[in-house]
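Asker: What shape does this take:
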Amino acid sequence: MVCAESENSVANSLRELARFLETHPAVVEKACIQNAYQPALGVSGGVKLGDDCAAIPDPVGGGYLLFAAEGMLESFVSDDPWFAGYSAVMVNLSDIAAMGGRPIAITNTLWSHEGSVREEVWQGMRCASEAYGVPIVGGHSTQIANGASTHLGASVLGRAGDHLLTSFDAKPGDKLLIAIDMNGAYRKDKPFWNASTTTDPERLRTNLELLAQLAERKLCQAAKDISNGGIIGTLAMLCNCSEVGAVVDLNKMPCPEDTDWEKWLVSFPSYGYLLAVAEDSVGSVVELFEENCITAQVCGEFISEAGISVLLDGRIEKLDV
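Answerer: Numbering: from 1, shown residues only. The predicted model follows:
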């Protein structure tokens, strides 16, 4: 039996964690992400907005063309230009994978002046392009004055078959499964869990391919790439699109050793996905990932009631997101 003081301690800690998560700027931003794409709703040509990629029906080859873009934070480019360049490629490829697709090519947009920062950005992009085997086929570069901030964005084109993994198809009763490469480490003091730059290129490519296999085997209906805002911010986006809620069981959530929940739940992993999986498919999904040394665990469930709750040691706390 747990003593009253211990029970109170768990309850207080969970309440503090919930308040931290629901007020974290990156989580708040993701919980309100629909405000960002609201202006495009009337001109999207029937393509659903809110997914990791725009999924455009391909009238020629069948299936879908996938198109996405990512912008790097100005502070990120300034503080770590090589990794910002690398990430501009990496995160776009993760978006394609999250839809059950395969990437075709990357383009970039870069505002910079001549010097070491621009070269480091390009070195990072080239390294990621070679590691993942996806070409950078052009883009747009603008020369700016010395001393001005460097700005970086990138876009990706991909292709998926007839069965997409979407953000709109999580159902109450589906299991919340996390698939994440825990074979990494934090980069510097930032909330970036890096399991990419130290991984063999062949394995990087194989890991991305796993999501396409999930789609083709119809083992999963909904998926989302864990992005800025971490596990909780990404889950808020997924729940919003699917019009469901979720309960997250922290007792079942993988977490790096010596890392507190406040840091881990808002971290941006280089390979991490949230999946909505029917109970009878959980075993097959876990097996597919674990055969490839990716941690895959059921860590919660989707429910009909809106909102996200976190569960720890028998206690539950609802987040105001």
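
Asker: Look up phi and psi at the closest residue to residue 197 other than its chain neighbours.
Answerer: Spatial nearest neighbour of residue 197, excluding adjacent residues (Cβ to Cβ, 6 or more residues apart in numbering): residue 86 at 6.5 Å. All C-beta spots, glycine's among them, are computed from the backbone N, C-alpha and C. Backbone geometry at residue 86, expressed as degrees, to the nearest 10, gives phi -60, psi -50.

Asker: Residue 86 against residue 121, yeah?
Answerer: No: using Cβ atoms under 8 Å, residue 86 makes no contact with residue 121, being 9.1 Å away.

Asker: one step back: what about the residue nearest to residue 197, distance to residue 93?
Answerer: Using Cβ to Cβ, to the nearest Å, we find residue 86 at a distance of 11 Å from residue 93.

Asker: neighbour-wise, which of the two wins?
Answerer: For residue 86 versus residue 93, neighbours defined as other Cβ atoms under 10 Å are more numerous around residue 93 (28 against 25).

Asker: Just give the nearest non-adjacent residue to the more buried one, would you?
Answerer: Once chain neighbours are set aside, the closest to residue 93 by Cβ to Cβ, 6+ apart is residue 103, at 5.1 Å.

Asker: Okay, the one you found and residue 248: tell me how far apart.
Answerer: 30 Å.

Asker: Same check on residue 179?
Answerer: Using Cβ to Cβ, we find residue 179 at a distance of 15 Å from residue 248.

Asker: which one of those two has more residues nearby?
Answerer: residue 179 (28 against 24).

Asker: my guess is that one meets residue 272, correct?
Answerer: Yes: the pair residue 179 / residue 272 is scored as a contact, 7.1 Å apart, by Cβ under 8 Å.

Asker: intersection of neighbour lists for these two?
Answerer: By Cβ atoms under 8 Å, 6 or more residues apart in numbering, residue 179 and residue 272 have no common neighbours.

Asker: Give me the nearest residue to residue 219, chain neighbours excluded.
Answerer: Nearest residue to residue 219 in three dimensions, chain neighbours excluded: residue 281, at 4.7 Å (Cβ to Cβ, 6+ apart).

Asker: Assumed that neighbour was part of a helix.
Answerer: Yes: Residue 281 forms part of a helix when assessed by DSSP: H, G, I helix; E, B strand; the rest coil.
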